[in-house]
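Student: Generate coordinates for the sequence data below:
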Amino acid sequence: MKKKKVGVLGGTFNPVHNGHIQCALTVLGSGLVDEVMLMPSNDPPHKGSSVIKPEHRLSMLNLALKDQNIAVSELELKRSGITYTFDTLTELGEQNLYYFIIGTDSFNNLYQWYRADELLNKANFIVVNRAGEVNKDLKEKVELFNYQYRGDFKYCEMDAIDISSSKIRACIKAGKSVKGLIPDDVADYIEKWKLYK
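Tutor: Purely as a prediction, here's the structure:
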C-alpha cells in the first residue's frame, strides 16, 4: 500500500497568522503532499520566554483552520521538555511519508539542528521561499541537498507575504490594528483573553 504524503508545518504559532495559513495551503495545492497538518511546539529550543501558553496557541490554530482542509496535531504539545524535530519524526513513525515544511531561515540552519546528520538522511523537507528571495538560488540549493543526503528535499514557490508573529505581537502591544494579518476569529480570541498586551 502506498504511503500517504503528509506535510508538517511546525512552529510556535505565537500567534498563528495568515502567512502560516497561506504557506500550508500553497504546499497542499502544489501536489507535493496529500495533506498538511500544523503542529504547534511545546517548548522549542530556539524561542524565548515570550511564547504564550500552549492551550491558547492551540485554540487559535483551531479557530484559524476551522474552514480549511488542514489538520492540527497536538503531538509536540503532549511531549514535555524541549521539542526537537528528530524526536517528532521518530514519534510520528513510518505509517505515512512525512515532509517537514520549512522556510529559508530554517533550511539554511539545518546543520545546527539537533542530530542534524541523522535528520538530513532520514527526514524529508519541503522548503518554501520567503518574501523577496532569489528563488533560483534556493531551488539549486534544495537540489544539492538531494544529492548530499538520503532525505527527500523539495522546493515550493509561494507568493511573497511579509508577516511575522513578532510583528503582530508588537502591533497588538502598541494598540495597532492587525486586520488582514491574522484571521478575524483569532483577533477576537486575542482580544477576549487580552493576549500579547
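
Student: any weak-confidence spans in this structure?
Tutor: For the chain, residues meeting the criterion pLDDT under 70 lie at 44-49, 131-134.

Student: got the residue ranges for the strands in it?
Tutor: Assigned by DSSP state E, the chain shows strands spanning 5-11, 35-40, 71-72, 97-103, 124-128, 153-156.

Student: Among the ones you listed, which comes closest to E55?
Tutor: Of all these, strand 35-40 sits nearest to E55, with 10.3 Å by C-beta to C-beta. The way it works is simple: take the backbone N, C-alpha and C, and place the C-beta from them, glycine included.

Student: mind listing what that closest one pairs with, with the direction of each?
Tutor: In the sheet, strand 35-40 lines up against strand 5-11 (parallel), strand 71-72 (parallel) (DSSP bridges).

Student: Out of those, which one sits most buried?
Tutor: Highest mean neighbour count of the strands paired with strand 35-40: strand 5-11, a mean of 23 (counted as mean count of other C-beta atoms under 10 Å).

Student: S30 contacts V128, correct?
Tutor: No: assessed by C-beta atoms under 8 Å, S30 is found out of contact with V128, at 9.5 Å.

Student: where do the contact lists of the two overlap?
Tutor: Listed as contacting both S30 and V128 by C-beta atoms under 8 Å, 6 or more residues apart in numbering are C156.

Student: Those two - which one has more neighbours?
Tutor: Between S30 and V128, V128 has the larger neighbour count (other C-beta atoms under 10 Å), namely 25 against 16.

Student: Distance-wise, check the more buried one relative to G175.
Tutor: From V128 over to G175 the distance is 32 Å, taken as C-beta to C-beta, to the nearest Å.

Student: returning to that earlier point: can I get the strands of the chain in JSON lines including distance to K179?
Tutor: Below are the strands of the chain laid out as JSON lines (distance: least, C-beta to C-beta, whole Å):
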{"stretch": "strand 5-11", "distance to K179": "22"}
{"stretch": "strand 35-40", "distance to K179": "22"}
{"stretch": "strand 71-72", "distance to K179": "24"}
{"stretch": "strand 97-103", "distance to K179": "24"}
{"stretch": "strand 124-128", "distance to K179": "25"}
{"stretch": "strand 153-156", "distance to K179": "28"}
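
Student: Tell me which of these sits nearest to E140.
Tutor: Going by C-beta to C-beta, the one of those nearest E140 is strand 153-156, 9.2 Å.

Student: partner strands of the closest one, parallel or antiparallel?
Tutor: Strand pairing (DSSP bridges) places strand 153-156 next to strand 124-128 (parallel).

Student: which stretches of the protein form helices?
Tutor: 18-30, 54-64, 85-92, 104-108, 116-122, 135-148, 165-173, 184-193 (DSSP state H).

Student: tilt between the longest one and strand 124-128?
Tutor: Angle of helix 135-148 versus strand 124-128, following axes from the mean of the first three to the mean of the last three C-alpha atoms, to 10 degrees, is 170 degrees.
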